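> Return a 3D structure for these sequence lines:
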Amino acid sequence: MSRSVRLVPALASSALLALALTACSGGGVEGSPGGSGVRDPYFPKAGNGGYDVTHYDLKLAYDPEERHLTGTAGITARATQDLSAFDLDLKGLDVDTVTVEGRGARVSRSGQELTVRPHDELAEGETFRVTVRYSGTPETITDPDKSEEGWLPTADGALALGEPTGSMAWFPGNHHPSDKASYDIAVTVPKGLQAVSNGELRSERTTGGRTTYAWHTAEPMASYVAMLAIGHYDITRTTVGEDRLPVYTAVDPEQTDASRKVLAKLPEIMEWAEYNFGPYPFSSTGAVVDREDDAGYALETQNRPVFHGAPDTETLVHELVHQWFGDSVTPKSWQDMWLNEGFAKYAEWLWQEDNGGDSAQEIFDALYRGDLDDEETGEAIWAFPPAKPSDAAHISDSPVYWRGAMVIHKIRQTVGDDAFYDIVQGWTSDHRHGNADTDDFTAYVEKKAPDKDFDAIWEDWLYGEGKPDHP
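So this is what the prediction gives:
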């Protein structure tokens, strides 16, 4: 029997919505609406106030030929205030029905905001379940920096990527990195295609010419690193390390040969990263390698990063290290993205230093002097402070990566190697599976090295405009 969500015809959907409006028109709700957005400095409408999601249960069916997605999202959340209404982020797609605790809810839409007014008031501290049934053709979202995310149709399926706001193109939720949750994602596709997501594959069942893949992510995950890859893949399952951590890789057949050598380094990189940054924070690892034109970038999706074409070693290092910095220790807002990218870029330098390449100090000095093959990058890293991008279109620009890594190196210079690695491993341990911002980080560094003066680093390198006077 094929598992799919029944589509509700438009007229029937309207009738159901009218019934819901009638049913919910009374009730004496005394709470107040949750906020539409968490006032992120760069994406103020992202996320929502008044509740905290603890679990997403997504049941999806996708027809690549028609590019049609059908979904049921079960969202378990806890009210953080008395709620008369709350918002979910959802871009495009048609909403068929919404229930809260099994009862029809009143709904309205404005842009990416789906406002839900439950039949009964939700009290502060109450755990509740929202069920949203929806369908349609998912949108590809163009970011302020002109890159594409959301739902990306491919030659044989689709690729769903979410940084910074793309996940709202394929499921409703609280789409801001400050609200992390566990996930169950079950995806039904035509037989012969694979559907790869985060976490561990719990089951794979084929019935009536369609196959359902059920994935489970137990550790908290921000929605921007949730991922779905549908298509034809060469699947490899192995383990790494003494604890036999599961490794699941999915590679487009066109990229299998080109990817084989670099993916064979994954166990070595994982061992190196654990030695430097502390225990791996998740219950599986791996990678997804799609075709070069399926996405214009690699992304640190949780458990298994996504690559557009076969990655080089430094890119594989970068995205795997993001599992510690970004996926486990997740920024509180998009202004703190340098904590993700600065550490991941610095990990590339450390890998080169430990594997016969230039030292981190040599790379730092070359950057400061402008001795780079890419002159544009050499000039761009001074465009703005890494902890204060100029606007949403620049949160992934060179200063966030390269100058962010230079801040990390300045800390290492100041405290020495032993204290530096104690700070880094303590940071990933103390904030494991949580959220942190720049103030949390600077306070943590100062607490761990109270005899050192970091004022110049924070003022000149982290927040200062232009190129600091001294390296």
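> use CA for all of it now, contacts and neighbours both
Will do.
> tell me the contacts of the residue nearest the centre of the chain?
Nearest to the mean C-alpha position of the chain, by CA atoms, centre = their mean, lies residue 225 at 2.0 Å. Going by CA atoms under 8 Å, 6 or more residues apart in numbering, residue 225 touches 161-163, 299-302, 327.
> Need phi/psi at it.
Main-chain torsions, residue 225, degrees, to the nearest 10: phi -110, psi 10.
> what sits against residue 411?
Contacts for residue 411 (CA under 8 Å, 6+ apart) come out as 420, 454, 457.
> Where does residue 261 fall, secondary structure wise?
Using DSSP states H and E, residue 261 sits in helix 256-263.
> try residue 343
helix 338-354.
> Which residues outside that helix are in contact with it?
Residues outside helix 338-354 that contact it (CA under 8 Å, 6+ apart) are 314-315, 317-319, 321-322, 325-326, 330-331, 358-360, 363, 386-387, 400-409, 437-438.
> Check stretch 123-133 too.
Outside stretch 123-133, the residues that touch it by CA under 8 Å, 6+ apart are 5, 31, 70-83, 95-102, 122, 172.
> Okay, buried residues for that stretch please.
By 16 or more other CA atoms under 10 Å, the buried positions in stretch 123-133 come out as 123, 127-133.
> which residue sits closest to residue 312, ignoring its sequence neighbours?
Spatial nearest neighbour of residue 312, excluding adjacent residues (CA to CA, 6 or more residues apart in numbering): residue 262 at 6.5 Å.
> which residues does that neighbour contact?
Residue 262 makes contact with 310-313, 316, according to CA under 8 Å, 6+ apart.
> Quick check: chain neighbours aside, which residue is closest to residue 410?
Excluding its sequence neighbours, the residue lying closest to residue 410 (CA to CA, 6+ apart) is residue 457, at 6.9 Å.
> The one you found contacts residue 409, doesn't it?
No. At 10.2 Å, residue 457 does not count as touching residue 409 under the criterion of CA atoms under 8 Å.
> hmm, back to that, closest to residue 55 out of the contacts of residue 262?
Checking the contacts of residue 262 against residue 55 by CA to CA gives residue 316 as the nearest, at 29.2 Å.
> ok, residues contacting the strand or helix carrying the closest one?
Using DSSP H and E, residue 316 sits within helix 313-321. Helix 313-321 has contacts (CA under 8 Å, 6+ apart) with 262, 265-266, 269-270, 273, 298-300, 304-305, 344-345, 347-348, 351.
> Just the buried ones from these?
Taking 16+ other CA under 10 Å as the criterion, what is buried in those is 266, 269-270, 273, 298-300, 304-305, 344-345, 347-348, 351.
> In JSON lines: the residues you listed, plus distance to residue 429 and pLDDT.
Putting the buried ones among the contacts of helix 313-321 into JSON lines (distance: CA to CA, whole Å; pLDDT from 0 to 100) gives the following:
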{"residue": "266", "distance to residue 429": "22", "pLDDT": "98"}
{"residue": "269", "distance to residue 429": "19", "pLDDT": "98"}
{"residue": "270", "distance to residue 429": "17", "pLDDT": "98"}
{"residue": "273", "distance to residue 429": "14", "pLDDT": "98"}
{"residue": "298", "distance to residue 429": "26", "pLDDT": "97"}
{"residue": "299", "distance to residue 429": "23", "pLDDT": "98"}
{"residue": "300", "distance to residue 429": "19", "pLDDT": "98"}
{"residue": "304", "distance to residue 429": "21", "pLDDT": "98"}
{"residue": "305", "distance to residue 429": "21", "pLDDT": "98"}
{"residue": "344", "distance to residue 429": "17", "pLDDT": "98"}
{"residue": "345", "distance to residue 429": "20", "pLDDT": "98"}
{"residue": "347", "distance to residue 429": "17", "pLDDT": "98"}
{"residue": "348", "distance to residue 429": "21", "pLDDT": "98"}
{"residue": "351", "distance to residue 429": "21", "pLDDT": "98"}
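> for these, which one is nearest residue 235?
Nearest to residue 235 among the buried ones among the contacts of helix 313-321: residue 304, at 12.7 Å, using CA to CA.
> Please report how far that closest one lies from residue 321.
11 Å (CA to CA, to the nearest Å).
> Check residue 435 too.
Distance, residue 435 to residue 321, by CA to CA: 17 Å.
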